[in-house]
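[1] Got a sequence here, can you model it:
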Amino acid sequence: MKFPKEFVWGAASSAYQIEGHSTEKGGGVCIWDTFCQTPGNIYNDDNGDVACDAYHRFAEDIRLLKEMGGKAYRFSTSWARLDPNADGHWNEDGIRYYDRVVDECLKQGITPWITLYHWELPQAAQDRGGWQNRRTAEGFGRFAGMMAAHFRGRVKHYFTLNEPQCTVGLGHDACIHAPGVKLDRAGCFGVLVNQLLAHGIAMKTIKALDPEAKVGIASTGRLCYPEFEMPADINAAREATFAVSDNDWEFTHHWYLDPIVLGRFPEAEGTELGRLASQVSPEDMEIIHAVPDFLGYNIYNGHSVRAGANGPEYIVRYPGFPRTAMKWPITPRVLDWGVRFLHERYGLPGYITENGLSCNDRVYLDGKVHDLDRIDFLTRYLQNLCKAVKNGADIRGYFHWALTDNFEWHSGYADRFGLVFVDYPAVKRIPKDSFHWYREVVRTGIVTF
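    Below you'll find the predicted structure:
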């Protein structure tokens, strides 16, 4: 099978994970700078102070993406670098930095896709309540408006938020992500609502200032696929994907995308979530209901489900089930059926905005990085994505996570997701075998091992 000729192939990154030097030339401290200062929060007490030094080496990374054949680069612009005090007093040096990043993309024939929020909340905003404070959503709208006005004509694709599920669940419940504030269910739901308001305000602001811009949001969450491709199991997998529960709502797509796309929260009568959702005012729902031009899906794994006597049953993974170096399960069929279920529910153009795996990559004696595990993984996943496209899912592009190895949040530098190896002491880049393999996929649209 072959992907459509117009399919967008690219790679992704985020500011805090690659740039380093957060406060250089007037940049501000973000919540991850602060979170990393507490011993034990991050593996090995790593931090993003230098990261991949992309602040100084971004042109090299963009040229590598060009060499790989990539047509699009999804990267984030740090709100803290651009708006250090989260008050609309813009850091002109920060703006000039992203001018150079965007201009380098355009020079190399690569389309920039900007993520406005990949968790780089200014610490100044956190000090005023962060995402528990509605004013943070309003401030984000102001930031989005500045970006749209400044980059009009050069940037035509924006994502408002990346994975609000992680901001809610990992940042305000599990506390393994910044800001590490422990809230109860009502508090976490309040963070969700303010993030949804941020999307709505930002999208409407961008559209007002640049009507030609296309705006989306990048979502993640539970996805299921049928044990066997028979109607009963397919229906069970669909039901499990969009099930409603008080206990596992944070890591779902529908509690975030239903309000944005459909204008309502999932039906949850008789639950605490249903009570909380009913308290959102019609005026706020009108702001939240800002239907994107496209949806981004960050997908790494899923669950196999079958039809049981009492409803969907999750298939228990057998001992020795395939896993990545990060111990995430390898489930290629999620990029077929999970994507189909999302398209059925929302009907909007979609892009896979993150997909990939952590490998135990190293430089071999020949000076190269041989990551056969990654090539095998991507072959399986992309072949399933091609099936989804052939079966009618409107998926228009794929952004591999990540372009380079980087700071992987609470894992620090222990996990490597890149197509390009980073020797961190020397911040040297080495294209991996998967880099050259992906180049052939981009060139031909055909996925072979």
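[2] who touches stretch 267-280?
    By C-beta atoms under 8 Å, 6 or more residues apart in numbering, the residues outside stretch 267-280 that reach it are 185-186, 189, 193, 244-246, 249, 255, 265-266, 288. Quick note: C-beta positions are derived from backbone N, CA and C, even for glycine.
[3] Residue 60: which element?
    Using DSSP states H and E, residue 60 falls within helix 54-67.
[4] next helix or strand past the helix or strand that contains residue 237?
    Applying DSSP H and E as the criterion places residue 237 in helix 231-241. Later in the chain than helix 231-241, the nearest helix or strand by DSSP H and E is helix 254-257.
[5] residues of the helix or strand just after that following helix that come out buried?
    Downstream of helix 254-257, the first helix or strand assigned by DSSP H and E is helix 272-278. Under the neighbour-count criterion of 16 or more other C-beta atoms under 10 Å, helix 272-278 has 273, 276-277 buried.
[6] Check these against residue 318 and report the nearest one.
    residue 273 (33.2 Å; C-beta to C-beta).
[7] quick one: average confidence on stretch 33-50?
    For stretch 33-50, mean pLDDT is 98.
[8] what about that stretch, start to end distance?
    11 Å (C-alpha to C-alpha, to the nearest Å).
[9] can you give me the helices in the stretch 101-250 of the chain?
    Assigned by DSSP state H, counting those that start in this stretch, the helices in the stretch 101-250 of the chain fall at 123-127, 134-150, 164-172, 185-209, 231-241.
[10] What are the phi and psi values at residue 210?
    With angles defined as degrees, to the nearest 10, residue 210 sits at phi -150, psi 80.
[11] Would you map the helices across the stretch 301-449 of the chain?
    So, for the stretch 301-449 of the chain - with DSSP H, counting those that start in this stretch - the helices run 339-346, 372-390, 433-444.
[12] okay if I get these as a markdown table plus distance to residue 159?
    Shown next, in a markdown table, are the helices of the stretch 301-449 of the chain (distance: least, C-beta to C-beta, whole Å):
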| stretch | distance to residue 159 |
| --- | --- |
| helix 339-346 | 15 |
| helix 372-390 | 19 |
| helix 433-444 | 21 |
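[13] Compare those helices and give me the one nearest residue 360.
    Taking C-beta to C-beta, helix 372-390 is the member of the helices of the stretch 301-449 of the chain nearest to residue 360, at 8.2 Å.
[14] Go ahead and measure how far the closest one is from the middle of the chain.
    19 Å (C-alpha atoms, centre = their mean, to the nearest Å).
[15] How about residue 52, nearest residue that isn't a chain neighbour?
    Spatial nearest neighbour of residue 52, chain neighbours left out: residue 18 (4.4 Å); criterion: C-beta to C-beta, 6 or more residues apart in numbering.
[16] So that neighbour is in contact with residue 60, correct?
    No - applying C-beta atoms under 8 Å, one finds residue 18 not in contact with residue 60, separated by 11.5 Å.
[17] With neighbour numbers in mind, choose between these two.
    residue 18 (26 against 18; other C-beta atoms under 10 Å).
[18] Who are the contact partners of the more buried one?
    Listed by C-beta under 8 Å, 6+ apart, the contact partners of residue 18 are 51-52, 54, 61, 404, 406-407.
[19] Now distance to residue 126 too, for those residues, in JSON lines please.
    Below are these laid out as JSON lines (distance: C-beta to C-beta, whole Å):
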{"residue": "51", "distance to residue 126": "20"}
{"residue": "52", "distance to residue 126": "25"}
{"residue": "54", "distance to residue 126": "24"}
{"residue": "61", "distance to residue 126": "29"}
{"residue": "404", "distance to residue 126": "28"}
{"residue": "406", "distance to residue 126": "23"}
{"residue": "407", "distance to residue 126": "19"}
